[in-house]
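1. Let me see the structure of the following:
(chains A, B, C and D)
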Amino acid sequence: MSVTEHDMHVPLEGGSHETPQERHRMEHIALWLFIGGDAFFCVLEIFFWFYLRSLNTNGMWRGTNCSKANACTDGLGNPLTHPIAKAAAVNTLLIAVIMLASAAVIWFAEVQAREGATRKTTTPLIGLALLLSLGAIAYQIIQFQILPFTTIDGTYASTFEFFMGSNLAHFGLVAFIGTGLFLRSRKGKFENGSWYHLHLSRLWWVWIALSTTVLAIVSVFFA
Amino acid sequence: MPSDHDHKREEIAEEVAPLFEGGPIWRRPAAKIFVIWAIMTAIGVVIGVMLPVHIFPKMVSPQGKDALDTVVFFTVLAAPVAAFVYAIGLYSLLAWRKMSGKSDTPPPDGPPHRGSGLAEALWVGASVVLVIVLLIWGMGFLASETAPQNNVVQVNVTGQQWFWTYSYPGTGVTSNKLVLPVNREIQFNITSMDVTHGFWPVELGDQIDANPGFITHITVEPNQLGNFDVRCSQLCGLYHAYMYSHGQVVTSSQFATWLQDQGASVSSVTSYALGKN
Amino acid sequence: MKRTVSTVLFVLLGAVVIAAIGVGFWSQAYRAPAGTQVAKSLGTAVVNGKTVPHVELDFSTYPDASGTMIGGQPIHPGGNPSWPAYAPTNKFQVPAGALVTVKWNQYDSGGALNNNYFAWPHGIYGPLVVNGKVTDHIDLSNVGHTFTVRGEPGVDSGFFVSVASPANGDSPTDTSKPQTVEFSFIAGAKGTYAWNCEFPCGLSIGGFGAVMSSYGYMSGYLYAV
Amino acid sequence: MTIAAPRLEDTKLGPKAGGLYRHQSFFVALPFGIFTAFIGWLVSHALLQNSNWGSDMVVTVTFVSWVIGFNAGIGTFNAPFRWLRGKDQTHDDHLYAAGVGQGWKRYWKYCTDHKVVGTQYLVLVMTLFFVGGTLAMMIRTQLITPHSQFLSPQTYNAIVTVHGMVMIIATIIMVSGPFANFILPIMLGAKDMAFPRLNAMSLWVVVSAVPPILSTFVLGGTDSGWTTYAPLSVQSPPAQDAFSITIITFVVSVTVAGINTIVTTFTMRTKGMSMSRLPIFVWGSIVAAAVGLYAMPAFLMAHSALITDRVVGTSFYAPAQGGAGWLYENVFWIMGHPEVYVILLPAVGAILEVASTFSRKPLFGYKVMIGGIIGVGVLSIMVWAHHMFTTGWAPSLADPFMLTTELISIPTGIIFLCIIGTIWRGSIWTKLPMYFLYLFLWNFIIGGVTGIYLSDVPADQYFHGNMFVTAHFHYTLLGGAMIGATGAVCYWFPKMTGRMLNERVGKWAFWFIAIGIQITYYGQFWEGFEGMPRRVANYAPLFETANQVSTTGAYILMTGWLILLYNIIHSWHKGEIASANPWHAKSLEWHTLTPVPLENFLVDPVVTSDPYGYGEPGSVPGAPAPEPAVVGASSNQGGSH
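-> Now for the predicted structure:
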């Protein structure tokens, strides 16, 4: 914990009391605490998935009384093929891939900024990452429309859609941060060594890409 | 600034010593605290032994007795522990209160005791021992309850928003009154039709939630004749307060005649009473 | 001394504010349906050897009770005037231990019970007469409403009456001719007995949402005085 | 060294300092929030009313609009969008946001000064307790007689639910709001919290969370208790959506406040304030904040799934479509039990400060107490299913959870060791805060012991869902945590407001509160022994006397709290002027001026010992270090041990 060795009233960047190093150390700890809380939220989402799946109340995990033991029937005996939403599986994995790509691009942008790149290189990279995240949002909204099942088709459907909704909320925050990074990078805010906010945003971005991938794997491979 | 650990030995001595000096034995602080502690413990024990027995309803099953015995035992066990803290609190107000609340300047500083390893070790040790005692007592009673023997009488309980119905499988009888034979192992199979209710036969001393979509079980063996009330112990909406019904523990013969009065055939009653279905 | 006076005044002011909020809640809770239907006296009757007062209660159940209840709809906040309800009110008063004859006009549609126990009449004295015919139980899949009163522990825990009524046609608007249900029961000891309808005609979980869990539509009290 | 520089608070700011903040205050945010909510209602009513779950959708959209509108109006979103646009705060903006030159109006604005936020929290907490307490009076008045028709069962259930939740919200923020914001930074020797804007946000987000829960009374009333167990809460009237919006908004505030407290403690301690010299109150606050960070995502998950069940027809808790009530109960109590320790630990920290100051003795067993607090925090994560012994969810887990629940009584027991160790042979100075310490001692022992009864499964099979449980948790939450918080209010009132509470009126309030608590909750223990279930609007005549005893006690308790409220309101502007250190205490907050300057210390303090130096050589009444030394231009080495 370093001591404020500046005079009391000399204003600092943004008028705060601390030096940039202290400021960034605080923001770093705060971000890890926030990611920890969000990680526990993600863990609980996965707990919902596996608990409901193992419970399979009234055989309604996959809907209309079909469970691992018996084939899916619609109550009148004729078999009901309840595909594990092949289309939905492909879309979910694709969305995860898009987010991983956008995380990779932002990470690359950060590396460039660390090595002293000017706004000419960082801005287009951040723009690309932002575009990818906006694409993921659009794709997720489209997936809501084209899903072969709805929320009332049992708990598999409900949890699947909850994951999609949670992703959408997180992507929204990522897009907000991405827009901010893009506009600030155009103003050269990340030049000459002040790349720190890019670093923090990349941490959050990568975490969201990871959590999207984990939720995608759970919802596709453990139906 | 001498660090805390160097002068530990003398500190304890200095801290404890004055408790044992100062005139005859009964006037020393430790003795006075002991007296207060003894009186308070006695009060606690008397309350523990006398009070719950009179306030608890008349229990008609061993589980009910277990709950009552647990309350009595835990109160008696807790009395000395609580009395210890209360005695020191009371004594501190009697003897160590230097300045009445009126003055605005504080009394002179007390002795700079920052802690004593001995007291901390004793305290935590005592807590561990007490916890072990509680645990053995709890696990013991729990183990004794959960082992159903043979020829168990089955009763299916259905909770729905704001009404309990009991059915006796095989006899075709469904009733709003819970009649049970005495000295028989009864297994309740409980479910709900809408929201979560709490099937709580008060005087049987046991309860479990009625969960929609699932069947939960409790086993009770009423060992005394008498009436008991069934109440809902889980908030279930508008008329939760009125979701009660009545129960009675009767002799086996009265139980058989009651079932027949409710329309059960004689053969189904005899096979049911032997715990076949 | 001045300090004590202002303290006491403040405490009284606080108490008045809290009491005012209490009156606010009280006015919301029991405003409607207003009034209690006191049973009409029909003289006396002999019930297993004892002469007891013989009274009559008559109520009806409407699919849309906005215009039929004393003191307007149970406008409990969040209630909906077009919900089905017992009319004219949900509170009945009978003499303790009296022989109560009930005449019930059932106009509302219905469906299948979730617990067939309620299709059979329980705790009634004498026959159950539906549309003029003596019946032993109502068709399980075509029940309109039930009138289920339960005894209170410590007052009269043995008291229990539950009677169902058949549904009235499929379109609830057909209010021309009701299903008539008539039965009698012996009122319990002096006390307050809660009754409610056990046919799930509401929404959401178990069909017991909305109208079923709003006080005053499908729930009320039977006072034995 | 004479301080010649002008006070920071008096600097003249440019006309446009503060930007948008200049036009924002509570009196702009309230109408703007209501207007946005109306737009939200209008749009959702038009589009969604007749789809299934229509009325729930409308209520949800309306109250989400209220929360967004109010926060936009007060200024929560200013900084994020300023960052988005690539702009940064100037020094004038920063000072304006800190409330410079706004006088009393800064208390109605999005002010980033931790002292203003602390005072705002105190007033908010007192308002919430008045609301919660009034509802408590409604409940006790309804329960005077077995068949009282003061409230209908629907109104009674709504009042029980809102009473529970308003009190839980109030108790979570009653110490971590006013004192972890106002006092904690000064105790550390810091100039402000780590994230001043987040600090103001956490306050105003709680303010925006209160109206939705109070509006549940006109939306049909919630009928499933503050625990809102599913599937009953899925079946509840539309009021349940507003209730869940309150919880989701409140979760955001507690998470943000928790992060702020933890980061402040780890990064903003002054020179010499090492971790082992932190006052015990700081340890209580940061462990509570850490446990809160663990608990709040579970609360968010439980209520997000509840809202999607009610609004878009998912079936997490609907057994007919594959859901289960146990799922809600598990996730709720994974939040539920850690949460009661989030309520308790800051109050315990405050009471231990009071113990040391008013026995004029160092805190007994500082290190063991920290171990106890951390032990409680860690163990609180492993005990949740003792709320579910009788749900039939997992009967085989009864023993393990009985074990963890009884284990947690060991670190909790250390609280008593340290209190009685501190008052042991101390010179007890019986001022008002010290009264509340003794009441805390009395109540929390009873709360703890009755907790042991409930942790024993065979006894819990009788007591679960029974008034005994109600009495137990009121003894721990009200008797323990809230009395601890009241002690904290009486202890730090002089530093926060510059006035002394009137001791005589304070003692009258104390005795009414002390006696009221015992009568009210002994009556409820009695009801519990007799077998009366919880949350019932009417009850069998068997329980009448016990209920009448409890209601009498409740009226006495109400009188006590009203006397204390009078004392606080009156003393705030007419009380005796307080000196900088009226209790001659040794922690840092008592070594700065009263009223506290904008950046807390005119000269950076250097700490050379912990704040419990009573009776030790060199201990001058009222100063931890011999003298607060001026900071020389020294190297950047961390706080020395």
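
2. Where does chain C get nearest to chain D, residue-wise?
-> Nearest residue of chain C to chain D, counting by C-beta to the nearest C-beta: C:Gly78, 2.3 Å away. C-beta: built from backbone N, CA, C; applies to glycine.

3. secondary structure class for that residue?
-> Three-state assignment for C:Gly78 (DSSP: H, G, I helix; E, B strand; the rest coil): coil.

4. Looking at it now. What's its pLDDT?
-> The model reports C:Gly78 with a pLDDT of 73.

5. tell me the contacts of it?
-> C:214, D:218-221, D:237-239 (C-beta atoms under 8 Å, 6 or more residues apart in numbering or on different chains).

6. Mind doing that once more with 10 Å?
-> Neighbouring residues of C:Gly78 by C-beta atoms under 10 Å, 6 or more residues apart in numbering or on different chains: C:210, C:214, D:55, D:154, D:158, D:216-221, D:236-239.

7. Narrow those residues to just the buried residues.
-> Neighbour counting by 16 or more other C-beta atoms under 10 Å in any protein chain shown classes C:210, C:214, D:55, D:154, D:158, D:216-217, D:219-221, D:236-239 among the contacts of C:Gly78 as buried.

8. With secondary structure and pLDDT as extra columns, can I get these in a markdown table?
-> Output for these, formatted as a markdown table (DSSP: H, G, I helix; E, B strand; the rest coil; pLDDT from 0 to 100):
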| residue | secondary structure | pLDDT |
| --- | --- | --- |
| C:Ala210 | helix | 85 |
| C:Ser214 | coil | 88 |
| D:Ser55 | helix | 89 |
| D:Gln154 | helix | 92 |
| D:Ala158 | helix | 95 |
| D:Thr216 | helix | 94 |
| D:Phe217 | helix | 92 |
| D:Leu219 | coil | 91 |
| D:Gly220 | coil | 88 |
| D:Gly221 | coil | 90 |
| D:Ser236 | coil | 93 |
| D:Pro237 | coil | 92 |
| D:Pro238 | coil | 93 |
| D:Ala239 | helix | 95 |
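
9. returning to what we had before: give me the subset of the contacts of C:Gly78 touching chain A.
-> Residues of the contacts of C:Gly78 in contact with chain A (C-beta under 10 Å from any C-beta of the partner chain): none.

10. from those, which is closest to chain B?
-> Nearest to chain B among the contacts of C:Gly78 is D:Gln154, at 5.8 Å by C-beta to the nearest C-beta.

11. Find the nearest non-adjacent residue to that closest one, please.
-> Distances taken as C-beta to C-beta, 6 or more residues apart in numbering or on different chains place C:Tyr215 nearest to D:Gln154, at 4.0 Å, with adjacent residues excluded.

12. gap between that neighbour and C:Val129?
-> 30 Å (C-beta to C-beta, to the nearest Å).

13. do D:Thr249 as well
-> D:Thr249 is 57 Å from C:Val129, by C-beta to C-beta.

14. more crowded one of the two?
-> Taking neighbours as other C-beta atoms under 10 Å in any protein chain shown, D:Thr249 and C:Val129 compare with D:Thr249 leading, 23 against 15.

15. Now do D:Met532: how many residues are near it, please.
-> For D:Met532, the neighbour count with other C-beta under 10 Å is 23.

16. Below-threshold pLDDT in chain B: ranges please.
-> Counting by pLDDT under 70, chain B has low-confidence residues at B:1-26, B:99-101, B:146-148, B:275-277.

17. ranges for the helices of it?
-> Remark: helices assigned in chain B by DSSP state H are B:8-16, B:29-55, B:62-95, B:117-145, B:252-261, B:266-273.

18. where does chain A have its least confident helix or strand?
-> Ranked by mean pLDDT, DSSP states H and E, the weakest helix or strand in chain A is helix A:86-114, scoring a mean of 92.

19. And chain D, is that one touching that?
-> No - Helix A:86-114 lies out of reach of chain D by C-beta under 10 Å from any C-beta, never closer than 15.2 Å.

20. Which residues belonging to that helix are considered buried?
-> In terms of neighbour count (16+ other C-beta under 10 Å), helix A:86-114 has its buried residues at A:88-89, A:91-93, A:95-103, A:105-110, A:112-113.

21. can you tell me which helix or strand the spatially most central residue of chain D belongs to?
-> Among the residues of chain D, the one closest to the centroid is D:Ile173, at 1.9 Å (C-alpha atoms, centre = their mean). Taking DSSP states H and E as the criterion, the element that holds D:Ile173 is helix D:153-176.

22. any idea how chain C splits into domains?
-> Domain segmentation of chain C under automatic domain parsing yields C:1-30, C:32-224.

23. no, scratch that, I was asking about chain B
-> According to automatic domain parsing, the ranges for chain B are B:2-98+B:117-144, B:153-273.

24. Put the alpha carbons of stretch D:103-122 into PDB.
-> The C-alpha trace of stretch D:103-122 is given here as PDB (Å, rounded to 0.1, in the frame of the first residue of the first chain):
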ATOM      1  CA  GLY D 103     -24.700  23.300   1.300                       C
ATOM      2  CA  TRP D 104     -27.400  21.100   2.600                       C
ATOM      3  CA  LYS D 105     -28.700  20.400  -1.000                       C
ATOM      4  CA  ARG D 106     -25.800  17.900  -1.500                       C
ATOM      5  CA  TYR D 107     -27.800  15.500   0.800                       C
ATOM      6  CA  TRP D 108     -30.500  15.300  -1.900                       C
ATOM      7  CA  LYS D 109     -28.000  14.900  -4.800                       C
ATOM      8  CA  TYR D 110     -25.700  12.200  -6.200                       C
ATOM      9  CA  CYS D 111     -22.900  13.200  -3.900                       C
ATOM     10  CA  THR D 112     -19.700  11.200  -3.900                       C
ATOM     11  CA  ASP D 113     -18.500  12.400  -0.500                       C
ATOM     12  CA  HIS D 114     -18.500   9.200   1.700                       C
ATOM     13  CA  LYS D 115     -19.600  11.300   4.700                       C
ATOM     14  CA  VAL D 116     -22.700  12.500   2.800                       C
ATOM     15  CA  VAL D 117     -23.500   9.000   1.600                       C
ATOM     16  CA  GLY D 118     -23.100   7.700   5.200                       C
ATOM     17  CA  THR D 119     -25.600  10.300   6.500                       C
ATOM     18  CA  GLN D 120     -28.000   9.600   3.600                       C
ATOM     19  CA  TYR D 121     -27.800   5.900   4.500                       C
ATOM     20  CA  LEU D 122     -28.500   6.600   8.200                       C
END
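
25. residues in contact with the worst-scoring helix or strand of chain C on mean pLDDT?
-> Ranked by mean pLDDT, DSSP H and E, the weakest helix or strand in chain C is strand C:85-87, scoring a mean of 86. Under the contact criterion C-beta under 10 Å, 6+ apart, strand C:85-87 has outside partners C:33, C:37, C:59-70, C:73-74, C:79, C:92, C:104-105, C:107-108, C:145, C:147, C:195-197, C:211, C:214, C:216-220.
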